[in-house]
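Visitor: I'll drop the sequence and a predicted model, then ask my questions.
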Amino acid sequence: MANISFQNFIFGFCTSLLIITTLNHRVRGLSSKEHASLFIFGDSIYDAGNNNYINTSYRANFRPYGETFFKNPTGRFSDGRLISDFIAEYAKLPIIPPYLQPGNQQFTYGANFASAGAGALVETFHGLVIDLNSQLSNFERVHASLRKNLGDEEANTLISRAVYLFSVGGNDYSYIFGTNSSIQHPHREFVGTVLGNITAAIKEIYNKGGRKFGFLSLDPLGCIPYSRALEKRQKDGCFEEITPYVELHNEELPKLLQKLETELKGFRYSISNYNEFLSDRINNPSKYGFKEGKVACCGSGPYRGSFSCGGQRGTKEYDLCPNASEYVFFDSGHPTERVNQKFAMLFWSGTPNFTAPYNLKALFERN
């Protein structure tokens, strides 16, 4: 399918410009030996607002984004909090602010380097995002700052006890469809390249002392409202061209992590089935207490799949549902806060059939 603008959909979940000060108060005074920090890498699923500080149009810092929880737009591509916000809460940490937020120089609770639209490959949305390699460079700066401020011993303890969340890969696959270059990238070879870069990132953090990692499977990219609106050949169908990339990535990522566990002493990980979680709620919303799984709360056109929520992206007019919590998707590509919370709970304390071989709670509690 020629000139499909997947670029317009997968940039979002830009997270917040704001920090919840009441949550900050709850954990002030803890040393790095009394809590496990949280370092966050990847794309829009975890972006805490870093894109608000770079030259890009990939932002959501306007209404109605953010109104469910924050009462104001924060940069998150949702009506409220994201998965990473809930994970921080469950770990008794403050909400982790974006690394680029002015005045953010306190990294003892962690840092969020994620950038909406970012991929594992440098060329994915190049110039508009902070790619994974650049995020690792920012982590190196934080590592140096911790060593300077805490001393080598305490900094090393913090790095080794921390949990490192990753969500990356989806933008790499969507990008090649947006540029009409998918035919140049056989899916097995291309997925191998993406996973190779993710492996390199894991090893770089491991070599600095990181030992505990959390991962998501890719979500069903072809079946979000934006993708359904693109699919013209079958009514109520998904955009299936991207599916082989998603399926292979999700098949190979667990194998990669199992291999690293045998190669890297002390390496521990959690991988959670985000794809199955979202697919179930898209196809069976009432089973999980939702009224709508395929149509977005905010947007326009079929499935409200036009990326027009907020009227700031070229199309001024858009529709907005009265109650976002009844919907799986808030806008044409991003879930509601209620979905994010339910997934975060399973990621945090789910059983091995959903989150394995450890859940995040076990990783945070492991010294």
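Guide: Okay, I see it.
Visitor: hey, where'd the helices end up in this protein?
Guide: 21-27, 83-90, 132-150, 152-161, 170-178, 187-207, 225-230, 243-263, 274-283, 337-349, 360-365 (DSSP state H).
Visitor: can these go into JSON lines with extra columns for mean pLDDT, distance to residue 305 and mean neighbour count?
Guide: Where C-beta positions appear, they are placed from N, C-alpha and C, glycine not excepted. Shown next, in JSON lines, are these (pLDDT from 0 to 100; distance: least, Cβ to Cβ, whole Å; neighbours: other Cβ atoms under 10 Å):
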{"stretch": "helix 21-27", "mean pLDDT": "36", "distance to residue 305": "34", "mean neighbour count": "12"}
{"stretch": "helix 83-90", "mean pLDDT": "98", "distance to residue 305": "22", "mean neighbour count": "24"}
{"stretch": "helix 132-150", "mean pLDDT": "97", "distance to residue 305": "28", "mean neighbour count": "17"}
{"stretch": "helix 152-161", "mean pLDDT": "97", "distance to residue 305": "42", "mean neighbour count": "18"}
{"stretch": "helix 170-178", "mean pLDDT": "90", "distance to residue 305": "14", "mean neighbour count": "26"}
{"stretch": "helix 187-207", "mean pLDDT": "97", "distance to residue 305": "24", "mean neighbour count": "17"}
{"stretch": "helix 225-230", "mean pLDDT": "89", "distance to residue 305": "3", "mean neighbour count": "26"}
{"stretch": "helix 243-263", "mean pLDDT": "97", "distance to residue 305": "17", "mean neighbour count": "16"}
{"stretch": "helix 274-283", "mean pLDDT": "98", "distance to residue 305": "13", "mean neighbour count": "19"}
{"stretch": "helix 337-349", "mean pLDDT": "98", "distance to residue 305": "17", "mean neighbour count": "21"}
{"stretch": "helix 360-365", "mean pLDDT": "98", "distance to residue 305": "32", "mean neighbour count": "19"}
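Visitor: the closest residue to residue 104 other than its chain neighbours: how many residues sit nearby?
Guide: Once flanking residues are discounted, residue 104 sits nearest to residue 97: 5.1 Å by Cβ to Cβ, 6 or more residues apart in numbering. Residues lying near residue 97 (other Cβ atoms under 10 Å) number 25.
Visitor: over to residue 333?
Guide: Residues lying near residue 333 (other Cβ under 10 Å) number 27.
Visitor: likewise residue 286?
Guide: 10.
Visitor: which residues sit in contact with it?
Guide: Applying Cβ atoms under 8 Å, 6 or more residues apart in numbering to residue 286 gives no contacts.
Visitor: any idea how far it lies from residue 300?
Guide: To residue 300, residue 286 is 25 Å away according to Cβ to Cβ, to the nearest Å.
Visitor: next: residue 37.
Guide: From residue 37 over to residue 300 the distance is 41 Å, taken as Cβ to Cβ.
Visitor: the residue nearest to residue 104 touches residue 50, doesn't it?
Guide: No. Using Cβ atoms under 8 Å, residue 97 is not in contact with residue 50, being 9.6 Å away.
Visitor: now the common contact residues for those two.
Guide: Counting by Cβ under 8 Å, 6+ apart, the contacts common to residue 97 and residue 50 are residue 112.
Visitor: these two touch, right, residue 39 and residue 111?
Guide: Yes. Using Cβ under 8 Å, residue 39 is in contact with residue 111, at 5.7 Å.
Visitor: which of the two has more neighbours?
Guide: Remark: of residue 39 and residue 111, residue 111 carries more neighbours, 29 against 26, as counted by other Cβ under 10 Å.
Visitor: now do that one, the pLDDT please.
Guide: Residue 111 carries a pLDDT score of 97 in this model.
Visitor: residues contacting it?
Guide: 39-40, 96, 99, 104, 138-139, 142.
Visitor: ok, so of those residues, who is nearest residue 169?
Guide: Closest to residue 169 out of the contacts of residue 111 is residue 40 (15.3 Å), distances taken as Cβ to Cβ.
Visitor: isn't that closest one up against residue 82?
Guide: No. With contact defined as Cβ under 8 Å, residue 40 does not count as touching residue 82 (9.9 Å).
Visitor: what residues are up against residue 210?
Guide: By Cβ under 8 Å, 6+ apart, the neighbours of residue 210 are 39, 159-160, 162, 164.
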